[in-house]
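Participant: A predicted structure for the sequence below; I have some questions about it.
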Amino acid sequence: DQQVKQNSPSLSVQEGRISILNCDYTNSMFDYFLWYKKYPAEGPTFLISISSIKDKNEDGRFTVFLNKSAKHLSLHIVPSQPGDSAVYFCAASAPDSNYQLIWGAGTKLIIKP
Amino acid sequence: DTAVSQTPKYLVTQMGNDKSIKCEQNLGHDTMYWYKQDSKKFLKIMFSYNNKELIINETVPNRFSPKSPDKAHLNLHINSLELGDSAVYFCASSWTSGSAQTQYFGPGTRLTVL
């Protein structure tokens, strides 16, 4: 029973264009969402987060959008750069489960030159 | 000045052996975690310790025993290793898990059981 789903295992984007990574969730109790980036042979690195009281959070080239009614969030990277090539994980947490992070399976982003 | 460190990075061992993975964080966090990344690449929480006390213990075989000598360390000891234990294990830390907090991860330990 996957509560957090990243349905695209991989995504290929031209350098300079916008990358959009998607994440869907099923648990309406989730109130905090995070995106992590992971390079091979390294641990996940925190990228950006959003609380359920907001619908958008922006940090430089990275913007996360939250659509609570659709139980959907997305990460936009613009412009995409070669160093953005990595696996991106979406994670969510809820107060009723001690804020334990529930993770998606990840999306591998490949930025083409 | 690594924030969360794990040793060793790679561990190759035979079935039936006992092994330990060490984790240290210098962020001053009071909560530490162990995750297992399985073959399908899912990150699954195994244990969580807050101020040296166990607060999350997911369905993990009791061959896995976490040990927290102090707030900055959370080691993972595995007895009688099995083939299915082969995975990448990540340690992480954060401030108290009683609220939504960002977790910071170590580089991972790739365990291979032959």
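Facilitator: Arrived safely.
Participant: switch to C-alpha atoms for all contacts and neighbour counts from now on
Facilitator: Fine.
Participant: relative to B:Asn50, how far out is the residue nearest to B:Gln103 when sequence neighbours are not counted?
Facilitator: Distances taken as CA to CA, 6 or more residues apart in numbering or on different chains place B:Ser94 nearest to B:Gln103, at 4.8 Å, with adjacent residues excluded. B:Ser94 sits at a distance of 9 Å from B:Asn50 (criterion: CA to CA, to the nearest Å).
Participant: rewinding a little: which residues does the residue nearest to B:Gln103 contact?
Facilitator: For B:Ser94, the contacting residues are B:His29, B:Asp30, B:Thr31, B:Met32, B:Gln101, B:Thr102, B:Gln103, B:Tyr104, by CA atoms under 8 Å, 6 or more residues apart in numbering or on different chains.
Participant: just checking, the fourth one touches B:Ala92?
Facilitator: Put plainly, it is B:Met32. Yes. With contacts counted by CA atoms under 8 Å, B:Met32 reaches B:Ala92, the gap being 5.6 Å.
Participant: between these two, which is the more surrounded one?
Facilitator: Comparing B:Met32 with B:Ala92 by other CA atoms under 10 Å in any protein chain shown, the one with more neighbours is B:Met32, at 33 against 28.
Participant: in a strand, that one, correct?
Facilitator: Yes. Membership of B:Met32 in a strand is supported by DSSP: H, G, I helix; E, B strand; the rest coil.
Participant: SS state for the residue nearest to it when sequence neighbours are not counted?
Facilitator: Distances taken as CA to CA, 6+ apart place B:Ser93 nearest to B:Met32, at 4.2 Å, with adjacent residues excluded. Secondary structure assignment for B:Ser93 (three-state DSSP): strand.
Participant: how much space between B:Ser93 and A:Leu21?
Facilitator: As judged by CA to CA, B:Ser93 and A:Leu21 stand 26 Å apart.
Participant: these two: which is more packed in?
Facilitator: Shown here are B:Ser93 and A:Leu21; by other CA under 10 Å, B:Ser93 has more neighbours (33 against 24).
Participant: the more buried one: what's it in contact with?
Facilitator: Per CA under 8 Å, 6+ apart, neighbours of B:Ser93: B:Val4, B:Gln25, B:His29, B:Asp30, B:Thr31, B:Met32, B:Tyr33, B:Gln103, B:Tyr104, B:Phe105.
Participant: pLDDT for those - can I get that in JSON lines?
Facilitator: Converted to JSON lines, these look like this (pLDDT from 0 to 100):
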{"residue": "B:Val4", "pLDDT": "96"}
{"residue": "B:Gln25", "pLDDT": "96"}
{"residue": "B:His29", "pLDDT": "91"}
{"residue": "B:Asp30", "pLDDT": "89"}
{"residue": "B:Thr31", "pLDDT": "90"}
{"residue": "B:Met32", "pLDDT": "92"}
{"residue": "B:Tyr33", "pLDDT": "93"}
{"residue": "B:Gln103", "pLDDT": "91"}
{"residue": "B:Tyr104", "pLDDT": "93"}
{"residue": "B:Phe105", "pLDDT": "95"}
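Participant: can you pick the most crowded of the residues you listed?
Facilitator: B:Met32 (33 neighbours).
Participant: gap between B:Tyr35 and B:Leu74?
Facilitator: Following CA to CA, the distance that separates B:Tyr35 from B:Leu74 is 12 Å.
Participant: between the two, which contacts overlap?
Facilitator: Applying CA under 8 Å, 6+ apart, one finds that no residue jointly contacts B:Tyr35 and B:Leu74.
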